[in-house]
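Trainee: Here is a sequence together with a model predicted from it:
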Amino acid sequence: MRDEVYCGPGSGKGTQCEKVVAKYGYTHLSSGDLLRAEVASGSERGKQLQAIMQKGELVPLDTVLDMIKDAMIAKADVSKGYLIDGYPREVKQGEEFEKKIGAPSLLLYIDAKSETMVSRLMKRGETSGRADDNEETIKKRLDLYYKATEPVIAFYEGRGIVRKINSELAVDDVFAEVSKAIDALK
Ligand SMILES: Nc1ccn([C@@H]2O[C@H](COP(=O)(O)OP(=O)(O)OP(=O)(O)O)[C@@H](O)[C@H]2O)c(=O)n1
Ligand SMILES: Nc1nc2c(ncn2[C@@H]2O[C@H](COP(=O)(O)OP(=O)(O)O)[C@@H](O)[C@H]2O)c(=O)[nH]1
Ligand SMILES: [Mg+2]
């Protein structure tokens, strides 16, 4: 069983994923976190990734997909299912994911207005220490999200696996809807 959690930067994906892991025990793989771990390692590859992420651009497809695949394989024996956060970022990435790994069973579309995403990210930036939580990069991330990532939803809508969830509510109310979508799979 494999879920994907979407949507724009700051919509609350990470927050909801934490709650899903606590309740359902799935393995959470955040592509952004995997990339940040590589940056933190100080490797040569990490330095290249940091430059891309600081600009709010997309890291090459194969790099991220290999990281996700390795992380999935590492947990294959113990995992009850995977929750993939922040990937695919464009339709091509979704197609490659399906070729190399498989098809998802549910796509959780965590939807918030762009003003909400910006204000959450600016607030998070006060404490996150993330190089991309600043006004200029946030704007680029949002532009890229609408241009490249939103079409991914239409791609999966055709398969009937998209559940759209209003993320303007309080965290627990959003989670109640997330739980309903996951329970409906069983
Ligand atoms: N599949 C991915 C995931 C992340 N990134 C890079 O990593 C950055 C941060 O990704 P992520 O942590 O997923 O951030 P956001 O989606 O912007 O949202 P948030 O961090 O708030 O979860 C992106 O802007 C992008 O440069 C990428 O290129 N490809
Ligand atoms: N009011 C409100 N704030 C939220 C909600 N979900 C997340 N946040 C806040 O919004 C910011 C971004 O959330 P995060 O989970 O990191 O979002 P992501 O970028 O989609 O992974 C954080 O500072 C959260 O505290 C929500 O449902 N309601
Ligand atoms: Mg996140």
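Mentor: Nice, thanks for sending it over. Ligands and ions are numbered 1, 2, ... in the order given.

Trainee: so how far is stretch 168-177 from its chain's centroid?
Mentor: How far stretch 168-177 lies from its chain's middle: 18 Å, per Cα atoms, centre = their mean, to the nearest Å.

Trainee: what does this structure put close to ligand 2?
Mentor: 9-15, 120, 123-124, 167, 170-171, 174 (Cβ under 6 Å from any ligand atom). Every C-beta, even on glycine, is put in place using the N, C-alpha and C of the backbone.

Trainee: Keep only the residues you listed that also lie close to ligand 1.
Mentor: When the residues of the chain next to ligand 2 are checked against ligand 1 using Cβ under 6 Å from any ligand atom, the ones in range are 9-10, 13-14.

Trainee: Return the subset of these lying in strands.
Mentor: Judged by DSSP state E, strands contain none of those.

Trainee: residues of stretch 164-171 that come out buried?
Mentor: For stretch 164-171, a neighbour-count test (16 or more other Cβ atoms under 10 Å) marks 164-165, 167 as buried.

Trainee: Show me those residues that map onto helices.
Mentor: Using DSSP state H, no member of the buried residues of stretch 164-171 falls within helices.

Trainee: what residue of the chain is the furthest out?
Mentor: Distance from the C-alpha centroid of the chain, by Cα atoms, centre = their mean, peaks at residue 44 (24.4 Å).

Trainee: What distance do you get for it to residue 34?
Mentor: As judged by Cβ to Cβ, to the nearest Å, residue 44 and residue 34 stand 17 Å apart.

Trainee: Residue 25 now?
Mentor: Residue 25 is 20 Å from residue 34, by Cβ to Cβ.

Trainee: same thing with residue 115?
Mentor: In terms of Cβ to Cβ, residue 115 sits 29 Å off from residue 34.

Trainee: Comparing these two, which residue is more hemmed in?
Mentor: Higher neighbour count among residue 115 and residue 34: residue 34, with 20 against 8, using other Cβ atoms under 10 Å.

Trainee: Just confirm that one contacts residue 68, I think it does.
Mentor: Yes: when contacts are counted by Cβ atoms under 8 Å, residue 34 is listed as touching residue 68 (6.9 Å).

Trainee: Can I take it that residue 149 is in a strand?
Mentor: No: with DSSP: H, G, I helix; E, B strand; the rest coil as the criterion, residue 149 is helix rather than part of a strand.
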